[in-house]
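A.B. asks: Sharing a model prediction with you, sequence too.
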Amino acid sequence: MDLRSKKTIAILVGGAVVVAIVAGLAVYLATNSANDEAQRRATAAEEELASLLASASAGTTTSVETSVPPIAEEASETVDPTAEDGKFFTYITKVIDKNGGTYVTLDYAEFLTGKKAADAAAAAGAESPPPNDFFISNVNPKLREFPVDTAIKVTLTSTSDGVRPEGYTVPFGDFQDYFNKVKAGPTVKGQPFWVTITNGTITKIAEQYLP
């Protein structure tokens, strides 16, 4: 092989190497450009997703806050879930018909006698021992509402013209009318009563005679 042929081959090989290098460089640059573009798009997508999540979170919070109902102002007049059956000394503050039944609202108090009455009267700054040896303590303002069995008879001591210490009975309907002043009769509102509750329902009402 002559010198000219060798030079020709060298030139061809060199050219091929250059072409290969250029091609590899082009592929490298294209790959890096694609990677950069992919990275840019991924970053943009992450930012958009974060924005959407933040908006969704804010929307959910607002919905929950606006759906919370206001607290009832007269919650103390609802049925006390911890109330126990038994006989209680009370003042009756309300007798109403609602929800297909009749309900009585009670204000629990204490009817004290003897030493307990004297001590309570002294603590309250009242005459001690108290007159007639009894003292009514009513320091808890909480009210309780119960359904009542309207078939019962109510024992009263108040009459239209005075009192009847031995007591007498009237149908609950008459008592309700007296209490709400629908019917003429004794003044029973403001008088103390003994109320019996059975299975969450008022089954007996008897006025406490006060001399």
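C.D. replies: All right, it came through fine.
A.B. asks: looking at this, Asn132 is in a helix?
C.D. replies: Yes: with the criterion set as DSSP: H, G, I helix; E, B strand; the rest coil, the secondary structure at Asn132 is a helix.
A.B. asks: Count the neighbours of the nearest residue to it once chain neighbours are set aside for me.
C.D. replies: Of all residues not flanking Asn132 in the chain, Pro211 sits nearest, at 5.1 Å (CB to CB, 6 or more residues apart in numbering). C-beta coordinates here come from the backbone N, C-alpha and C atoms, glycine included. Neighbour count for Pro211, taken as other CB atoms under 10 Å: 8.
A.B. asks: Ok, Phe134 next?
C.D. replies: If you count neighbours by other CB under 10 Å, Phe134 ends up with 17.
A.B. asks: Tell me which helix or strand in the chain has the weakest average pLDDT.
C.D. replies: For the chain, scoring each helix and strand by mean pLDDT, DSSP states H and E identifies helix 3-67 as the least confident one, at a mean of 46.
A.B. asks: Quick one: list the elements packing against the next helix or strand after that one.
C.D. replies: Along the chain past helix 3-67, the next helix or strand (assigned with DSSP states H and E) turns out to be strand 86-98. Taking 3 or more CB pairs under 8 Å, 6 or more residues apart in numbering; DSSP states H and E as contact, the helices and strands that strand 86-98 lies on are strand 101-108, helix 172-179, strand 192-198.
A.B. asks: What residues sit buried inside the first one?
C.D. replies: The reference is to strand 101-108. Residues 102-108 are the ones in strand 101-108 that count as buried (16 or more other CB atoms under 10 Å).
A.B. asks: Lys116: which of those residues is nearest?
C.D. replies: Of all the buried residues of strand 101-108, Tyr108 has the smallest distance to Lys116: 16.2 Å, by CB to CB.
A.B. asks: Tell me which residues touch that closest one, please.
C.D. replies: Tyr108 sits next to 88-90, 138, 140, 142, 144 when contact means CB atoms under 8 Å, 6 or more residues apart in numbering.
A.B. asks: Just the buried ones among those, please.
C.D. replies: Burial of the contacts of Tyr108 was assessed by neighbour count (16+ other CB under 10 Å); the buried members are 88-90, 144.
A.B. asks: what about Asn140, which SS state?
C.D. replies: Secondary structure state of Asn140, per three-state DSSP, is coil.
A.B. asks: what's the nearest residue to it if we skip its chain neighbours?
C.D. replies: Tyr108 (6.4 Å).
A.B. asks: can you check Ala184 too?
C.D. replies: Take Ala184 and drop its neighbours on the chain: the residue closest to it by CB to CB, 6+ apart is Ser160, 7.3 Å away.
A.B. asks: which residues touch that neighbour?
C.D. replies: Taking CB under 8 Å, 6+ apart as the contact definition, Ser160 lies against 184-186.
A.B. asks: What about the residues you listed, which one has the most neighbours?
C.D. replies: Within the contacts of Ser160, neighbour counts (other CB under 10 Å) peak at Pro186, which reaches 22 neighbours.
A.B. asks: out of the contacts of Ser160, who's nearest Ala122?
C.D. replies: For those, the closest approach to Ala122 (CB to CB) belongs to Pro186, at 33.1 Å.
A.B. asks: picking up where we left off before, how much space is there between the residue nearest to Ala184 and Ala123?
C.D. replies: Ser160 sits 37 Å away from Ala123 when distances are taken as CB to CB, to the nearest Å.
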